[in-house]
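Peer 1: Any chance you can model this:
(one chain, ligands or ions: 1)
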Amino acid sequence: MGVHIPRGTQDILPGDIEIWQYIEEKARNLCRRYHYEEIRTPIFEHTELFQRGVGETTDIVEKEMYTFKDRSDRSLTLRPEGTASVVRAYIDNKIYGQPGQPTKLYYIGPVFRYERPQKGRYRQFEQFGIEAFGSRDPAIDAEVIAMGVDFCRELGLKKAKPIINSLGDMESRKAYREALIAHFKPQINEFCDDCQRRLDQNPLRILDCKKDQNHELMKTAPSILEYLNEDSAVFFERVKQYLDDMNIEYNVDHTLVRGLDYYNHTAFEFVSEAEGFTKSISGGGRYNGLVEEIGGPDTPGIGFAFSVESLLALMEEEGITLPVEKTLDCYFVSIGDKAKEKIPSLLYRLRGAGLSADKDYLDKKVKAQFKGADRANAKFVAVLGDDELENGVINVKDLASGEQQEVALDQLVQYIKERL
Ligand code: HAM
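Peer 2: Here you go, the predicted model:
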């Protein structure tokens, strides 16, 4: 029996990878414009980082992490998200002490969650995320949401929209927590085991429960927005005002609580208005206590993460095809043994000059070599016969226009470069 790919993972093959590269390039470009710099952290971290960072009572930590012991009996976990890792790196490398605050970072890389695989949802997926540390200015909250809006627009997504909420500061959260306990307690035995357990530990999580989402009490649950103290309410108003000033459309949804524990103040998700598309394509928010929680100085933070998989699912839904194509500048076809032996050095010259070029390596007949040029979507085919070789020339055909020209071998690079 063969060994096959693990459930919930995928191979991304040539033909598809160009789309991933296109999206990643757009992400990098976006970050350059908004002045976010790249950071790369390890794929695995000490398990404790996510327990403390993401939160003990979250689904991610309770049910979805890939945790293992290494040979020295340390508990390690494949990162289920990027924020906790970036916070750890921010502290470990004392980035908080460097000049040029706030620190604005981005990352693109795989993360791992043991979730039920479904459309746009995998067990290994790729997150593009940003994190900004060191500012309590609501303008950064608006900037982060604006970046997400720009990113969606650049990928051609028309139906993606931010929904936002405020989870308030510690004081507001405390008041809300008590209101939630009072609301759910009388009928908590009608809820799932997780909800029952979470009532006292973290009642906000009940609002995020998928099993009980249709329970009557869910619809009548109090709104966090009614429990915001003045500072939190003013903060949220400022964020919305900045978004309005930028003409950014959003919906406020007071039931949005997010699946990770570290959020306060602004929380948001990007969802699609396409019918039947219920999953978020991005989530994020402010996490002012997290750096301290992981052992650093009291530092505010905010960020988001998109997954490429969920973006691709929405693109498919919206019928978007990205302008990516495989191309090659020049494909060589040889007729005769001498010509065949000459081509490797010509290829070397073209490639050294920055052109993309290839040839057949399977001793194919001339017709099949031309097919190879077609398959590679070559812009030029350079045909070399033994006679041409003797005269120091080569026949170059522009496959788009059909134009053909005999070119001196030592002019080949220049000839193609001028016409690309
Ligand atoms: P999250 O909402 O857990 O947030 O994940 C962000 C995005 O990752 C989701 O909106 C969704 O598009 C995608 N995603 C989640 N699970 C899967 C999956 N199994 N397969 C494919 N895509 C998935 C976070 O991870 C936070 N760290 C975001 C953040 C950054 N908050 C502040 N800074």
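
Peer 1: Tell me where the stretch 101-250 of the chain has strands.
Peer 2: Counting by DSSP state E, counting those that start in this stretch, the stretch 101-250 of the chain has strands at residues 103-112, 124-133, 160-166.

Peer 1: So Phe380: helix, strand or coil?
Peer 2: strand (DSSP: H, G, I helix; E, B strand; the rest coil).

Peer 1: Show me which residues of the protein sit near the ligand.
Peer 2: Within reach of the ligand by CB under 6 Å from any ligand atom, the chain has these residues: 81-83, 113, 115, 120-122, 125, 127, 129, 131, 259-260, 280-285, 303-307, 309-310. (Each C-beta comes from the backbone N, C-alpha and C, glycine too.)

Peer 1: Leu76 is in what secondary structure piece?
Peer 2: Applying DSSP states H and E as the criterion places Leu76 in strand 75-78.

Peer 1: Centre of the chain to that strand, how far?
Peer 2: Chain-centre distance of strand 75-78: 22 Å, with CA atoms, centre = their mean, to the nearest Å.

Peer 1: With stretch 195-211 instead?
Peer 2: 28 Å.

Peer 1: Using CSV, list the CA coordinates for it.
Peer 2: Extracted in CSV, the C-alpha atoms of stretch 195-211 (Å, rounded to 0.1, in the frame of the first residue of the first chain):
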residue,chain,number,x,y,z
CYS,A,195,-20.4,25.7,27.3
GLN,A,196,-21.2,24.4,30.7
ARG,A,197,-17.5,24.2,31.6
ARG,A,198,-16.8,27.6,30.1
LEU,A,199,-19.6,29.5,31.9
ASP,A,200,-17.4,30.3,34.8
GLN,A,201,-14.0,30.1,33.1
ASN,A,202,-14.7,32.3,30.1
PRO,A,203,-18.4,32.9,29.3
LEU,A,204,-17.5,34.9,26.2
ARG,A,205,-16.6,31.6,24.6
ILE,A,206,-20.2,30.4,24.8
LEU,A,207,-21.1,33.1,22.2
ASP,A,208,-18.7,31.4,19.8
CYS,A,209,-20.1,27.9,20.3
LYS,A,210,-21.1,26.2,17.0
LYS,A,211,-23.2,23.5,18.6
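
Peer 1: residues in contact with it?
Peer 2: Stretch 195-211 has contacts (CB atoms under 8 Å, 6 or more residues apart in numbering) with 55-59, 167, 173, 176-177, 180-181, 184-185, 188-189, 191-192, 194, 212, 218, 221, 255, 257-259, 261.

Peer 1: What subset of these is buried?
Peer 2: Buried members of the contacts of stretch 195-211, counted by 16 or more other CB atoms under 10 Å: 55, 57-59, 167, 173, 176-177, 180, 184, 188, 191, 194, 212, 218, 221, 257-259, 261.

Peer 1: Ile349 contacts Val413, doesn't it?
Peer 2: No, residue 349 isn't Ile; it's Arg. Yes - counting by CB atoms under 8 Å, Val413 is a contact partner of Arg349 at 6.2 Å.

Peer 1: who's more crowded, those two?
Peer 2: Val413 (19 against 15; other CB atoms under 10 Å).

Peer 1: Next, the buried residues of the strand holding Leu76.
Peer 2: Of the residues in strand 75-78, those buried (16+ other CB under 10 Å) are Leu76, Thr77, Leu78.

Peer 1: between those residues, which is nearest the ligand?
Peer 2: Leu78 (12.7 Å; CB to the nearest ligand atom).

Peer 1: Next, find the distance separating that closest one from Tyr66.
Peer 2: 4 Å (CB to CB, to the nearest Å).

Peer 1: Same check on Leu217?
Peer 2: 34 Å.

Peer 1: Then Gly336?
Peer 2: 57 Å.

Peer 1: With Glu406 instead?
Peer 2: From Glu406 to Tyr66 the distance is 60 Å (CB to CB).

Peer 1: Those two: which has the busier surroundings?
Peer 2: Neighbour count, other CB under 10 Å: between Glu406 and Tyr66, Tyr66 has more, with 16 against 11.

Peer 1: can you pull the contacts of the more buried one?
Peer 2: Thr77, Leu78, Pro80, Phe112, Tyr114.

Peer 1: which residues does the fourth one form a beta bridge with?
Peer 2: Counting by DSSP bridges, Phe112 forms beta bridges with Gln124.

Peer 1: And for it, the neighbour number?
Peer 2: That count, for Phe112 with other CB under 10 Å as the rule, works out to 21.

Peer 1: tell me the contacts of it?
Peer 2: Met65, Tyr66, Leu78, Arg79, Pro80, Arg123, Gln124 are the contacts of Phe112 under CB under 8 Å, 6+ apart.

Peer 1: isn't the first one right next to Pro80, touching?
Peer 2: This means Met65. Yes - with contact defined as CB under 8 Å, Met65 counts as touching Pro80 (5.4 Å).

Peer 1: which residues do the two both contact?
Peer 2: Phe50, Phe112, Arg113.

Peer 1: Can you pull the phi and psi angles for the nearest residue to the last one once chain neighbours are set aside?
Peer 2: Distance criterion CB to CB, 6 or more residues apart in numbering; nearest residue to Arg113, sequence neighbours excluded, is Glu64 at 4.2 Å. Backbone torsions of Glu64, given as degrees, to the nearest 10, read phi -120, psi 0.

Peer 1: Now do the contacts for Glu64.
Peer 2: Pro80, Arg113, Tyr114, Glu115.

Peer 1: Can you give the contact residues for stretch 331-340?
Peer 2: 342-343, 346-347, 357-360, 366, 369-370, 372-373, 376, 378, 380-386, 388-389.

Peer 1: just the buried members of those?
Peer 2: By 16+ other CB under 10 Å, the contacts of stretch 331-340 give 342-343, 346-347, 357-360, 369-370, 372-373, 376, 378, 380-385, 388-389 as buried.
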